[in-house]
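>>> Sequence and predicted structure are below.
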Amino acid sequence: MKKLNLKQAIICLILSCLCRVVLAQAPMPPTIPIWDANKVTLELHKVSNDIYAIIPATAETETSKGIPQATTGGFIVGEKGVILIEVMLTKRLYDQEIKLIRSVTDKPIIFAVNTSDHGDHCFSNYLLPPSTSIIQNEFARENLSKNYEIIKNFMVGLFGSGRGIENTVFRPADIVIPKNSNLKVDMGGGKVVELLNVGTAQSPADLFVWMPNQKIFWAGNPFIAESPAIPWLFDGYFLEPAANLKKMYDFLPDDAIVIPGHGRITNKAGIKYTIDYVEELKKEVQAAVDNGFTLEQTKATVTMKDYDKGYVLFNWLHYGYNLPNAYKDINDNKKK
C-alpha cells in the first residue's frame, strides 16, 4: 500500500472532516438508500431510429406512485460511433449500459455526456475507453476536480455504502461547455445533438441534451420526473433555477419527447408539474418574505399541500431544501 506523506495525510483528514460536517448538517432522506444501485435493472427503449433511452425497469409502474427512480440515460448511434448520455453511479450499472449498447451496435463510444456533477451521472467515467471524449458543463469539471472525494462521500450518504460508489475514481472531462453556451455534435444522418448550458436549473453543473430534428430532450436532474415528483433544488439555489426551468420548458415544442432525469419517458405536459410547483413556491415564499416572516414561520405557512400527492421525498425536499433555498434567495434579493 502506498504511504501518504504528512501533507497528503493532513489533506485527507480535512476532507474527511468536511464530508462529515456536510453530511451531519444536510437533512437526510426518510430512507437510505434513496434507490439501491445493487438492485436496479436498466432497460432499453427505442425512441427513434438509432436513438435510445436507458430507463430503470421499475420507472414505468413506479414513477406515478411517487417512488424515486434510478438515473435515466440513453445513447445515439451515429455514422462513426456512439454518443452516450450518462455513465451511471457504479460499475454494475455502467456494465448494464454497455451491454444494452452492444445489443444494437458494436460502434465505439466516441462521446460520453454527463448532465450533472452528481455521482449517479458521472462517477463511472473512469470505466470508459481512453478514446472516449467526456463532455461536461464547465462548472461540473471544476467542481469534480476540486471536490470529488466530498461529492463521493455525500453520494454514499444518500445511496448507501457497499454499492460500489467507494470504488469510483475521478476522471476529468475532455470537453467543457461554458455557461450560456452550447455545443452541436453532428452524428450524421440528420442526428444533430445540441448540448445546452443555460446556467443553473438545478445546480450550476446542469447540461441539457436536445435533438432538434427528432424533438427528443434529455432533461437531466432539473426535471426529475412526472407528478407527484417535485424538483430536487438542494444545491443552494432557487431564483436562477426557477427562471431557467421556465426558460427550458418554454423552449420545448409541445410534441417534444422528454426523458426526465429519474423517471419514465414523457412529454412536455408531463414535466409541467415541476414548473407549477416552482412558480407556486416562489409566489408563496415571496408573500411570506413581504410579510416579514422568519424561515420557520414560512415553513409553517408554505405547506403547499396541493403538491404533496404521494412523492415519498416531498417533505425532505420541500422543507429541507426547496423552501429554505427559495426563502434565502428571495429574502436576499429583497435586501438589494
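Everything's here; your move.
>>> make it CA atoms for all contacts and neighbour counts henceforth
Noted.
>>> which residues of the stretch 201-336 of the chain fall in strands?
Residue ranges of the strands in the stretch 201-336 of the chain, as given by DSSP state E, counting those that start in this stretch, are 208-211, 216-220, 257-260, 266-267.
>>> Of all the ones you listed, which one is nearest Asn331?
With CA to CA as the criterion, Asn331 lies closest to strand 216-220 of the strands of the stretch 201-336 of the chain, at 28.3 Å.
>>> Starting from that closest one, tell me which strands it pairs with and how they run.
Paired neighbours of strand 216-220 in the sheet (DSSP bridges): strand 208-211 (antiparallel), strand 257-260 (parallel).
>>> Which of the ones you listed sits closest to Asn221?
Proximity to Asn221 (CA to CA) singles out strand 257-260 among the strands paired with strand 216-220, at 7.3 Å.
>>> For the closest one, give the mean pLDDT please.
For strand 257-260, the mean pLDDT works out to 98.
>>> Stretch 97-113 too?
For stretch 97-113, the per-residue pLDDT averages 98.
>>> helices or strands next to the helix ranked longest in the chain in the packing?
Of all the segments of type helix in the chain, defined by DSSP state H, the longest one is helix 138-159. If you count contacts as 3 or more CA pairs under 8 Å, 6 or more residues apart in numbering; DSSP states H and E, helix 138-159 packs onto helix 6-25, helix 119-122, strand 175-177.
>>> Now it: buried residues?
138-142, 144, 148-159 (16 or more other CA atoms under 10 Å).
>>> Can you name the residues bridging to the spatially closest residue to Gly261 that is not a sequence neighbour?
Among residues not flanking Gly261 along the chain, Gly220 sits closest, at 3.9 Å (CA to CA, 6 or more residues apart in numbering). Beta bridges link Gly220 to Pro260, judged by DSSP bridges.
>>> which residues sit in contact with Gly220?
Contact analysis of Gly220 by CA atoms under 8 Å, 6 or more residues apart in numbering lists 115-116, 206-208, 259-262.
>>> Including distance to Lys80, could those go into a markdown table?
Listed next are these as a markdown table, based on distance: CA to CA, whole Å:
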| residue | distance to Lys80 |
| --- | --- |
| Thr115 | 23 |
| Ser116 | 26 |
| Asp206 | 27 |
| Leu207 | 24 |
| Phe208 | 23 |
| Ile259 | 24 |
| Pro260 | 27 |
| Gly261 | 27 |
| His262 | 29 |
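>>> For those, pick the one with the most neighbours.
Leu207 (33 neighbours; other CA atoms under 10 Å).
>>> does the closest residue to that residue other than its chain neighbours count as helix, strand or coil?
Among residues not flanking Leu207 along the chain, Thr115 sits closest, at 4.4 Å (CA to CA, 6+ apart). Using DSSP: H, G, I helix; E, B strand; the rest coil, the structure places Thr115 in coil.
>>> And the average pLDDT for the longest helix of the chain is what?
Here the average pLDDT along helix 138-159 is 96.
>>> For it, which outside residues touch it?
Under CA under 8 Å, 6+ apart, the answer for helix 138-159 is 15-16, 18-19, 22-23, 28-29, 32-37, 116-119, 165-166, 170, 172-173, 176-179, 204-206.
>>> where do the helices sit along the chain?
Counting by DSSP H, the helices of the chain are 6-25, 59-62, 91-102, 119-122, 138-159, 239-251, 272-290, 295-301, 314-317, 323-335.
>>> Work out which residue lies at the spatial centre of the protein.
Centroid-nearest residue in the chain, with CA atoms, centre = their mean: Asn221, separated by 3.0 Å.
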